[in-house]
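In: Here's my sequence, what's the structure:
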Amino acid sequence: MTKARTIANLGTGFVNISDTGTEGTKVASGTTAQRGSTTGQWRYNSTTGFFEGRNASDFTTLEPSPTVTSVDDGEVDSAGGGNQTLVIAGTNFSAGGTITFVGNAGTDFNASTVTINSATQCTAVAPKASFLNAQEPYKIKFTSSSGKSGTSASGLISVDNAPTWSTGSGTVVTINDTATGNHVTLSATDADGDTVTYTETGGSNISGAGLTLSSAGVISGDPTNVNSSTTVSFTGRATAGSKTTDRSFNIVINPALDGTSSGRAVANLATFNGLGSLSTGYHNIYVTLNGAVSAYQQKVYHDGTNTWYVVSPVFSTGGLINNSAFAFNQTSDNGAFKAVVNGQSSGHDRRVSGSGTWSYLSNVGVETLIGTTTTQHNSQGSTPNTDSKTDVSTLSANTLSSYYGVDYYDHVAGSSFSGATETALRNVVTELNPKTAWMTITGDDDGGDYSSSTASNVNWRSNATIWSTTSGGTPGTSYFKNAADNNFKLMGGQTNANEHLGVSLLTHNEGQFLDSNTSSPTHTFGGTPAFSGGMAAGSGYSLGIMPISYAGEVGGSCTTYTSPLYNSTIGKLNNRLVLLYK
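Out: Model (predicted):
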């Protein structure tokens, strides 16, 4: 075996040394600190790990150039705050090297720290804010401590910021549960100019409430009905490119006060009318009468323009047509209508003609006015069909006696209203539909000396009787009292003609007298205070269109009948004549 010898042991003078071995020729090796200073020296630097040679002034390293091939994360959210950690792959990475991010438009910056994991991998950390949209894509350059460098062939890092919400967190919209269409639009922006799309994340609360969220951020639809104010919470996600930003929002859904349940009760008809298109006819709605009573279901009627509360009077005595009418006479055998009804003997079929508000009552008789055929009892007396002549109250003394209570029928509950509800209704209504006016019909005073021409001299708002002491006659009159104990007279109005028909009609603002002996009404009610203002007007008088009691007065062979006016379009309910108020 050949013993190795160093050149130093052999002395000097060797020229063009040739080593024919295969293992390699050993040269000087040492740290950077052990470098010599002689030009032409060649050595292995154990500090850098590279061979180096001395020129006239310094050592030059025989170092391979580094390369950069890839990075683990090619997108940086520059607005995300903090630092971005990047794992970079390549070759010939060496200790002490630096990483530079090379901007596309000429602006470069170095990583804050570089950790050499191996010759093929290093980890660099840099502030996210240092990456600028205007400089993307960034190339990556590795520079060794000796100055050798290599740069990626193409840009490896793009700036992709997460979108920023413009819509504030919390409640974005408050809607009624009958609302439709678009309710609110969520909005976010993206600094990179990417299109922002929207979704709900972490649940399906929006769709669960009957609504939809479009990719454009529009929340729309008809929400599911609620019985009380309901908050729908959801997390909205804005997505731009591969970045997302979440935010919490609320939608408040309130029950629309449409009267469909006690929790959705309307305060009054004005609220209900404001809901929009309603079909003509009867409806059941929940109301509170301006909060005066707990929500209850009330029958209403919509006439195409207005909506009206529907009730029927309930009379405790003299009840006809299922107690929604009353009648007084002197002789019970005559029934409710004396000598003025269809089918009676010649001359007894009397008709009236209306004008003004009641112009549609042209050439009509009793059966049209009450909406019920009549049953004849004798040559002079009839009652509404299904009613008996004994249902009519007989006033043996002819004149006003006791007052009787009047209640109001609830067509939903099928019974009379409670006192509290009746009072609350009376406090909110101000109008009586003229097609369901209070009506009194009288007939046949047989020569009574009270002339309709003198009716304007009567105080129609007092309880003074109109009994005539001469000729045994008097106009048949009905009396009402309101809640303030004010009196209102309703007289069918008679002349001294025999076997005639007289009709009085009264609402909140108008009164009129119709006579079968003339082709048009003979007068509107006058007196002090005048009835030209109807049952609701007059100094010191409270509303009279929902009276609380009633009575009657008749002449020698006279009859008087009082009920709501029947209108064929509105009809009856539960075989009762109805009153429409609003």
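In: from here on, contacts and neighbour counts on C-alpha atoms
Out: Will do.
In: where do the helices sit along the stretch 351-500 of the chain?
Out: 366-370, 419-428 (DSSP state H, counting those that start in this stretch).
In: looking at these, which is buried most?
Out: Greatest average neighbour count among the helices of the stretch 351-500 of the chain goes to helix 366-370 (a mean of 19), per mean count of other CA atoms under 10 Å.
In: Which secondary structure elements does that helix sit against?
Out: Counting contacts by 3 or more CA pairs under 8 Å, 6 or more residues apart in numbering; DSSP states H and E, helix 366-370 packs against no other helix or strand.
In: what's the span of stretch 99-116 from first residue to last?
Out: Length of stretch 99-116, first residue to last, CA to CA, to the nearest Å: 11 Å.
In: Buried by neighbour count: which residues of stretch 93-102 qualify?
Out: Under the neighbour-count criterion of 16 or more other CA atoms under 10 Å, stretch 93-102 has Phe93, Ser94, Ala95, Gly97, Thr98, Ile99, Thr100, Phe101, Val102 buried.
In: Just the ones in strands from those, please.
Out: When DSSP state E defines the strands, the subset of these inside them is Thr98, Ile99, Thr100, Phe101, Val102.
In: what stretches of the stretch 301-450 of the chain score poorly on pLDDT?
Out: In the predicted model of the stretch 301-450 of the chain, residues 339, 342-348, 398, 444-450 satisfy pLDDT under 70.
In: does Tyr561 have beta-bridge partners, and which?
Out: On the basis of DSSP bridges, Tyr561 is bridged to Ala327, Ile441.
In: Tell me who's in contact with it.
Out: Going by CA atoms under 8 Å, 6 or more residues apart in numbering, Tyr561 touches Ala325, Phe326, Ala327, Phe328, Ala336, Phe337, Thr440, Ile441, Thr442, Ser478.
In: thought the second one was touching Thr317?
Out: Looking back up the chat, that one is Phe326. Yes: counting by CA atoms under 8 Å, Thr317 is a contact partner of Phe326 at 7.1 Å.
In: Just want to know which of the two has more residues nearby.
Out: For Phe326 versus Thr317, the count of surrounding residues by other CA atoms under 10 Å is larger for Phe326: 28 against 19.
In: on that earlier part again, check the contacts of Tyr561 against Glu431 and report the nearest one.
Out: Thr440 (18.8 Å; CA to CA).
In: how far away is that closest one from Leu369?
Out: Separation of Thr440 from Leu369 (CA to CA) stands at 10 Å.
In: Phe249 now?
Out: For Phe249 relative to Leu369 (CA to CA), the value is 62 Å.
In: With Asp387 instead?
Out: Counting by CA to CA, the separation of Asp387 from Leu369 is 16 Å.
In: for Gly281, same thing?
Out: Relative to Leu369, and taking CA to CA, Gly281 is found at 20 Å.
In: Val310 too?
Out: Val310 is 19 Å from Leu369, by CA to CA.
In: what do you get for Phe51?
Out: According to CA to CA, Phe51 stands 126 Å off from Leu369.
In: same deal with Ile219?
Out: 56 Å.
In: Please compute how far stretch 56-69 lies from its chain's middle.
Out: Stretch 56-69 has its C-alpha centroid displaced from the chain centroid by 77 Å (CA atoms, centre = their mean, to the nearest Å).
In: tell me which residues in it are buried?
Out: Within stretch 56-69, the residues scored as buried using 16+ other CA under 10 Å are Phe59, Thr61, Glu63, Pro66, Thr67, Val68, Thr69.
In: from these, which ones fall inside strands?
Out: Reading strands off these with DSSP E, I get Phe59, Thr61, Thr67, Val68, Thr69.
In: so what's the spatially closest residue to the first one that is not a sequence neighbour bridging to?
Out: Think Phe59. Among residues not flanking Phe59 along the chain, Gly53 sits closest, at 5.2 Å (CA to CA, 6 or more residues apart in numbering). Here Gly53 sits in beta bridges with Trp42, Thr60, going by DSSP bridges.
In: What is the neighbour count of Gly53?
Out: 19.
In: and the gap between it and Val578?
Out: 120 Å.
In: same question, Thr199
Out: Using CA to CA, Thr199 is found at 55 Å from Val578.
In: These two: who's more crowded?
Out: More crowded of Thr199 and Val578, by other CA under 10 Å: Val578, with 28 against 18.
In: these two touch, right, the more buried one and Thr436?
Out: Yes: at 6.8 Å, Val578 and Thr436 qualify as touching, with contact defined as CA under 8 Å.
In: Now list whatever residues contact both of the two.
Out: Residues touching both Val578 and Thr436 (CA under 8 Å, 6+ apart) are Pro564, Tyr566.
In: returning to that earlier point: what residues do Phe326 and Thr317 have in common as contacts?
Out: Counting by CA under 8 Å, 6+ apart, the shared contacts of Phe326 and Thr317 are Ser393.
In: Now for Ile206: which residues touch it?
Out: Applying CA under 8 Å, 6+ apart to Ile206 gives the contacts Glu200, Thr212, Leu213, Val232, Phe234.
In: Gln298 too?
Out: Applying CA under 8 Å, 6+ apart to Gln298 gives the contacts Asn284, Ile285, Tyr286, Val287, Tyr309, Val310, Asp410, His411, Val412.
In: How many neighbouring residues does the second one have?
Out: Meaning Ile285. When neighbours are defined as other CA under 10 Å, Ile285 has 23 of them.
In: by contact count, what packs against the strand or helix carrying it?
Out: When elements are assigned from DSSP states H and E, Ile285 belongs to strand 281-287. Applying 3+ CA pairs under 8 Å, 6+ apart, we find strand 281-287 packed against strand 296-302.
In: what's the distance between Gly81 and Ile175?
Out: 38 Å.
In: what about those two, which has more around it?
Out: Ranked by neighbour count (other CA under 10 Å), Gly81 and Ile175 place Ile175 first, with 18 against 10.
In: For beta bridges, what are the partners of the more buried one?
Out: Bridge pairing for Ile175 (DSSP bridges) gives the partners Ile253.
In: so what pLDDT did it get?
Out: Ile175 carries a pLDDT score of 96 in this model.
In: Equivalent analysis for the one 10 residues further on, please.
Out: At Thr185 the predicted local confidence, pLDDT, stands at 98.
In: Isn't it up against Thr212?
Out: No: the criterion here is CA under 8 Å, and Thr185 misses it with Thr212 at 11.3 Å.
In: Between the two, which contacts overlap?
Out: Common contacts of Thr185 and Thr212, defined by CA under 8 Å, 6+ apart, comprise Val218, Ile219.
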